[in-house]
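Student: I need the structure of the sequence given here:
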Amino acid sequence: MDKEASLEEIVKNNYQEQTILNLNISNEKIGIASDHRGYNLKQKLTNYLTKKGYTVIDYGCDDKESHDYPEYGFKLGKAIANNEAEKGIAICGSGIGISIACNKVKGIRCAKVNNIKEAKYTRNDNNANIIALNGNMPVYRAKDIVDVFLKTPFSNENRHKNRIQMLDDYHD
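Tutor: Here you go, the predicted model:
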């Protein structure tokens, strides 16, 4: 590409290799957690977000030794539910296990995402407060996904609010 694509163009066209720059990031508190398989990506995203002006709170793990993802998914979920951070990023080998753990916490809507289009819709339609990523995802893709997730507002449309309320009200 000769010119830098706008955020709207990137989301609309689902670009994966275009790095998103200069998104006027606010100083939000972002929680981040991983197991051992997501540790490297967590460290890279923490550095990236800190440089962009975010306050990043690390909920573990702290090394590459084997760790159980539920422990860190629960910690991150509780932190978001208790308003210690506005949004969260969860990372494990596939992103699936830690997303399940996060979703066990009341008030959490964690979506496992693979691309920027999913990141956009999970914020716009579902008001997700945590995204889960695959720890083996290329860093450039993870950065783009995180940027879109953090910058996309909830639509606040009644149909979406009603669906979220249905999820919140469900008890088996």
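Student: Now do the residue lying closest to residue 65 once chain neighbours are set aside against residue 153, distance only.
Tutor: Excluding the flanking residues, the one nearest residue 65 by Cβ to Cβ, 6 or more residues apart in numbering is residue 36, at 6.1 Å. Every C-beta, even on glycine, is put in place using the N, C-alpha and C of the backbone. Remark: distance between residue 36 and residue 153 (Cβ to Cβ, to the nearest Å) = 34 Å.
Student: Repeat that for residue 55.
Tutor: Applying Cβ to Cβ, the value for residue 55 to residue 153 is 20 Å.
Student: What of residue 43?
Tutor: For residue 43 relative to residue 153 (Cβ to Cβ), the value is 28 Å.
Student: Strands along the protein, start to end?
Tutor: 29-34, 55-58, 87-92, 110-112, 130-134 (DSSP state E).
Student: Residue 159 and residue 131, how far apart?
Tutor: Distance, residue 159 to residue 131, using Cβ to Cβ: 22 Å.
Student: if you count what's nearby, which of these two comes out ahead?
Tutor: Legend: neighbour count by other Cβ atoms under 10 Å for residue 159 and residue 131, higher for residue 131 (28 against 9).
Student: What are the neighbouring residues in contact with that one?
Tutor: Shown in contact with residue 131 (Cβ atoms under 8 Å, 6 or more residues apart in numbering): 88, 89, 90, 110, 111, 112, 113, 119, 122, 145, 146, 149.
Student: quick one: residue 130 and residue 87 touch, right?
Tutor: Yes - in this structure, residue 130 is within contact of residue 87 by Cβ atoms under 8 Å, at 6.8 Å.
Student: Please indicate which of the contacts of residue 131 has the highest neighbour count?
Tutor: residue 90 leads the contacts of residue 131 on contacts (other Cβ under 10 Å) with 33 neighbours.
Student: For that one, give its distance to residue 146.
Tutor: Taking Cβ to Cβ as the measure, residue 90 falls 12 Å from residue 146.
Student: next one: residue 96
Tutor: According to Cβ to Cβ, residue 96 and residue 146 sit 18 Å apart.
Student: Check residue 32 too.
Tutor: Distance of residue 32 to residue 146, computed by Cβ to Cβ: 9 Å.
Student: Now residue 132: closest residue in space that isn't a chain neighbour?
Tutor: residue 99 is the one closest to residue 132 (Cβ to Cβ, 6+ apart), at 3.6 Å.
Student: ok, back up a step: list just the nearest of the contacts of residue 131 to residue 80.
Tutor: Taking Cβ to Cβ as the measure, residue 80 lies nearest residue 88 of the contacts of residue 131, at 4.8 Å.
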